[in-house]
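**Q** got a predicted model here, sequence first, then my questions.
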Amino acid sequence: MAAADSPSAALRRRDLCSRGIRLAGKMRADVVDLLDAYVEQQGLDASASVAAMEGVPLAAVERWDEQTGTQRLQENLAAYRAFRALLAQMLEEQREQLGEAEEGLGRALAAVLLQVSAFAYHLEELLRLESRGVPGEEGDAPPPPPRLSLFEQKLRGLGVLRELAQWAVRSVRDLRQLAKPSPAPGAAPGLAESP
């Protein structure tokens, strides 16, 4: 733990957090653009309400201000690993439904999938820096969903993209909290932080 508190580690953490904030901001912008294209291409109503779906991590959290930086990083990592699997599934379904007919949407999905993978790797780097180790991937991936109708697949995709956009916002907040100087020795980490 002492290594994680050294001045060079603090500088590295701030640098990684700054880069992560930029990555998350770019990812959110790309997800919002993809969401608009997805809604249009799938013939969905942008204001359609989508219930929480199994396997889709929710960005909302109770008592956010009580979480430690490590807890935030671990939750973010688990979420982005799940999104990686969900986006890969969406991309496969998209190819099955449309083949190469809608190449633009497939490319945009693939680009966001790549960004999600890169961001998950970035979070792993931060966790290693915090000397917490990186949790294994088993159990992080959502279980394979039951076979859904085409309309249900479209709604799930809408829900995945909306929630991913929210996670990008939460990730920026989490990384900003982590980039702040560590509290004084003896203070409970994360308790004095405000959202």
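**A** Yes, it's here. Residues are numbered from 1 along each chain as shown.

**Q** which residues touch residue 59?
**A** 79, 163, 166-167, 169-170 (C-beta atoms under 8 Å, 6 or more residues apart in numbering). Just so you know, the C-beta spots here come from the backbone N, C-alpha and C atoms, and that holds for glycine as well.

**Q** let me know the distance separating the spatially closest residue to residue 171 that is not a sequence neighbour from residue 113.
**A** Using C-beta to C-beta, 6 or more residues apart in numbering and skipping residues adjacent in sequence, the residue nearest residue 171 is residue 24, 4.3 Å away. Computed as C-beta to C-beta, to the nearest Å, the residue 24 to residue 113 distance reads 15 Å.

**Q** let me know the pLDDT of the most centrally placed residue in the chain.
**A** Closest to where the C-alpha atoms of the chain average out (C-alpha atoms, centre = their mean) is residue 80, at 3.9 Å. What the model reports as pLDDT for residue 80 is 97.

**Q** now do residue 137
**A** 61.

**Q** same question, the one 5 residues further on
**A** On pLDDT, residue 142 comes in at 54.

**Q** for the residue nearest to residue 171, give me its contacts.
**A** Contacts of residue 24 (C-beta under 8 Å, 6+ apart): 119, 168-169, 171-172, 175.

**Q** before we move on, back to that, ok, the residue nearest to the centre of the chain - contacts?
**A** Applying C-beta under 8 Å, 6+ apart, the residues near residue 80 are 116, 119-120, 123, 167.

**Q** one more pass at 7 Å, please.
**A** 116, 119-120, 123 (C-beta atoms under 7 Å, 6 or more residues apart in numbering).

**Q** wait, residue 46 sits on residue 39?
**A** Yes. With contact defined as C-beta atoms under 7 Å, residue 46 and residue 39 form a contacting pair (4.8 Å).

**Q** more neighbours: these two, which one.
**A** Neighbour totals were compared for residue 46 and residue 39, and residue 39 leads with 19 against 10 (other C-beta atoms under 10 Å).

**Q** assign that one to helix, strand or coil.
**A** helix (DSSP: H, G, I helix; E, B strand; the rest coil).

**Q** do the same with residue 163
**A** With three-state DSSP as the criterion, residue 163 reads helix.

**Q** for it, which non-adjacent residue is spatially closest?
**A** Closest to residue 163 by C-beta to C-beta, 6+ apart is residue 56, at 5.4 Å.
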